[in-house]
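A.B. asks: sequence plus the predicted model coming up.
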Amino acid sequence: MAGMGFLLDGFESVSLDQMDSIRLMNRIDTKYVTTLDVLSRVLDMARSSYLALDAGEGKISPYDSIYFDTPGREMYTRHHDRRLVRRKVRTRVYMATGATFLEIKRKNNHGRTKKKRIGIPPECFNDFSLAPGSGDFLSRWTEYDCAMLSPKIETRFDRVTLVDKAMTERLTIDMNLEFTALDSGRKAFLEDAVIIELKQSGHAPSIIRDILLELRVKPLRVSKYCIATALTVPGVRANRFKMKIRMIEKLKGNKIKVL
């Protein structure tokens, strides 16, 4: 991490207020998975073209999220079964600031991701149903109500957010990924794996995409919630995700640890 922090020191900073113009709540996401060694090269090549978000606590921000699902894990199953229209319901806390949200991500049949969110009190992170207005928010944007959902998976990671200088795209880089199955306490760690996500309003030219192509980092559709479930919940249907897990395991210098 020290080497990566040194590379980030060379990036100009962008504040949260400046990022407002590129929130991209309705967007096209392209994900990549690589290692910390390759990420160092990506950052070195991107330094002159991108700004790094500094929310006031530095350019590396810790995140904590809890994903909620039905008793039969309906949202996980819809993703596993390649249903084009699917949702994720989660709470998320930005640990550097304490800001906490209930978020709903919906992917439509055109491959676009729409995200809706409302702020909730930090004490409602583990049970959003206690937050005022959360039930109405959930029923407005999903077919579920609070009683149908319970916490299933917790994900923790450190994130770097980059934005191009034209303010047209955003890039998130997630490292130190740790997953916990909340019903059993079983944990999985992705060790040196890094998940990079390019977020755009459309398929515009992208410097970072060209950099990743040059470094032979190919797109890989991967969901942290689904990979975490497949790794930590014995007996769950996971055929679709096993190949992706093997690809992550084969990354040079990476390994997956399950406890």
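C.D. replies: Arrived safely, thanks for sending. Numbers count the residues shown, from 1 in each chain.

A.B. asks: make sure P62 is indeed in a strand.
C.D. replies: Yes: P62: assigned to a strand according to DSSP: H, G, I helix; E, B strand; the rest coil.

A.B. asks: for A52, see how far away the closest residue in space to it that isn't next to it in sequence is.
C.D. replies: Leaving out its chain neighbours, the residue that sits closest to P62 by CB to CB, 6 or more residues apart in numbering is M95, at 4.2 Å. Glycine gets a C-beta too; all of them are placed from N, C-alpha and C. When distance is defined by CB to CB, to the nearest Å, M95 is 18 Å away from A52.

A.B. asks: neighbour-wise, which of those two wins?
C.D. replies: Neighbours were counted for M95 and for A52 using other CB atoms under 10 Å; A52 has more, 24 against 15.

A.B. asks: and that one, what does it touch?
C.D. replies: Counting by CB atoms under 8 Å, 6 or more residues apart in numbering, A52 touches L8, F11, E12, S13, V14, K59, V160, T161, L162.

A.B. asks: show me what contacts the fifth one?
C.D. replies: Taking CB under 8 Å, 6+ apart as the criterion, V14 is in contact with L51, A52, L53, D54, V163.

A.B. asks: same question for the helix or strand containing the second one, mean pLDDT?
C.D. replies: Right, the one you point to is A52. Using DSSP states H and E, A52 sits in strand 50-53. The average pLDDT within strand 50-53 is 94.

A.B. asks: ok, and for it, which residues are buried?
C.D. replies: Using 16 or more other CB atoms under 10 Å as the test for burial, strand 50-53 gives Y50, L51, A52, L53.

A.B. asks: the residue nearest to P62 reaches G58, doesn't it?
C.D. replies: No: applying CB atoms under 8 Å as the test, M95 and G58 come out as separate, 11.9 Å apart.

A.B. asks: for stretch 200-216, give me every contacting residue.
C.D. replies: Under the criterion CB under 8 Å, 6+ apart, residues 24, 26-28, 30, 32, 34, 38, 41-42, 45-46, 49-50, 162, 164, 168-169, 171, 196, 198, 218 lie in contact with stretch 200-216.

A.B. asks: send me that stretch as PDB with only the CA atoms.
C.D. replies: Presented in PDB, the C-alpha positions along stretch 200-216 are these (Å, rounded to 0.1, in the frame of the first residue of the first chain):
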ATOM      1  CA  GLN A 200     -19.700   6.400 -17.900                       C
ATOM      2  CA  SER A 201     -23.000   7.800 -19.200                       C
ATOM      3  CA  GLY A 202     -22.200   6.200 -22.600                       C
ATOM      4  CA  HIS A 203     -19.600   4.300 -24.600                       C
ATOM      5  CA  ALA A 204     -17.300   7.300 -25.100                       C
ATOM      6  CA  PRO A 205     -13.600   7.100 -25.700                       C
ATOM      7  CA  SER A 206     -11.600   6.500 -22.500                       C
ATOM      8  CA  ILE A 207      -8.000   6.900 -21.700                       C
ATOM      9  CA  ILE A 208      -8.200   4.500 -18.800                       C
ATOM     10  CA  ARG A 209      -9.700   1.800 -21.100                       C
ATOM     11  CA  ASP A 210      -6.800   2.200 -23.500                       C
ATOM     12  CA  ILE A 211      -4.300   1.900 -20.600                       C
ATOM     13  CA  LEU A 212      -6.000  -1.300 -19.400                       C
ATOM     14  CA  LEU A 213      -6.000  -2.700 -22.900                       C
ATOM     15  CA  GLU A 214      -2.300  -1.900 -23.300                       C
ATOM     16  CA  LEU A 215      -1.600  -3.800 -20.000                       C
ATOM     17  CA  ARG A 216      -3.800  -6.700 -21.200                       C
END
